[in-house]
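*Asks:* Task: produce atomic coordinates for the following.
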Amino acid sequence: MDVLEAIKGRRSIRIFKTKEVPPEIVKKLIDAARWAPSAGNIQPWEFIIVRKPEIKRRLVEAALGQTFIEEAPVVIVVCANEVRSSQGYGVRGKTLYCIQDTAAAIQNILLVGYSLGLGTCWVGAFREEEAREVLKIHHGIRPVAIIPVGYPAETPPPRSRRPMNQIVRHETF
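*Replies:* Numbering: from 1, shown residues only. I've put the predicted structure just below:
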């Protein structure tokens, strides 16, 4: 699949089939994520794979009742290792680079998932401390996104995009 086709074709999926996602497919998603660029090649990402219904249920609570998280066969929680990133770049590494780096990894998961016929959704609306507690995440590791993964049971239409002339500036703002 062409990269631009994947970028334009991918949608946020919130309704999933009950079909399981095999471990080898999840491994491909994580492999794609780890090939994302990162500041100084520090690779500050950590991935938590969740399949247990009781943990997914608790993530739904942390995610303000977004029940589709629980309905997905597998959930990938992407975390930023602030400590690792700050060792290379200090405060900027902790507060910015590790977030940028994990965002790139997340996008790789979404695009490769789509190319493999999977549906995903980037969930950033959740109570961070509650998710940290549910997943027993250590201090210095920050949960950045919850990504439900499964085979899509919906085909949402494309959403509108701002025109180029509203978002592009040349030379200065």
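
*Asks:* make it CA atoms for all contacts and neighbour counts henceforth
*Replies:* OK.

*Asks:* so what's residue 82 up against?
*Replies:* The neighbours of residue 82, taking CA atoms under 8 Å, 6 or more residues apart in numbering as the test, are 44, 93, 94, 95, 98, 140, 141, 142.

*Asks:* typo on my end, it should be residue 112
*Replies:* 29, 32.

*Asks:* Convert the C-alpha atoms of the longest strand anywhere in the chain to CSV, please.
*Replies:* Longest strand of the chain, by residue count under DSSP state E: strand 141-150. What follows is strand 141-150 as a C-alpha-only set of coordinates in CSV (Å, rounded to 0.1, in the frame of the first residue of the first chain):
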residue,chain,number,x,y,z
ILE,A,141,7.2,6.9,32.4
ARG,A,142,4.2,8.9,31.0
PRO,A,143,1.2,7.3,29.3
VAL,A,144,0.6,9.3,26.1
ALA,A,145,-2.0,7.4,24.1
ILE,A,146,-4.4,4.5,24.4
ILE,A,147,-4.8,2.8,21.0
PRO,A,148,-7.6,0.3,20.7
VAL,A,149,-6.8,-2.2,17.8
GLY,A,150,-9.1,-4.6,16.0
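
*Asks:* helix or strand right after that strand?
*Replies:* helix 164-167 (DSSP states H and E).

*Asks:* mind listing what's buried in that following helix?
*Replies:* Buried residues in helix 164-167, counted by 16 or more other CA atoms under 10 Å: none are found.

*Asks:* Check stretch 133-146 too.
*Replies:* Neighbour count says stretch 133-146 has 134, 135, 141, 142, 143, 144, 145, 146 buried, by 16+ other CA under 10 Å.

*Asks:* ok, back up a step: out of the contacts of residue 82, which is nearest to residue 158?
*Replies:* residue 98 (29.7 Å; CA to CA).

*Asks:* Measure how the host helix or strand of the closest one sits relative to strand 141-150, angle-wise.
*Replies:* Secondary structure assignment for residue 98, by DSSP H and E: helix 98-115. Counting by axes from the mean of the first three to the mean of the last three CA atoms, to 10 degrees, helix 98-115 lies at 10 degrees to strand 141-150.
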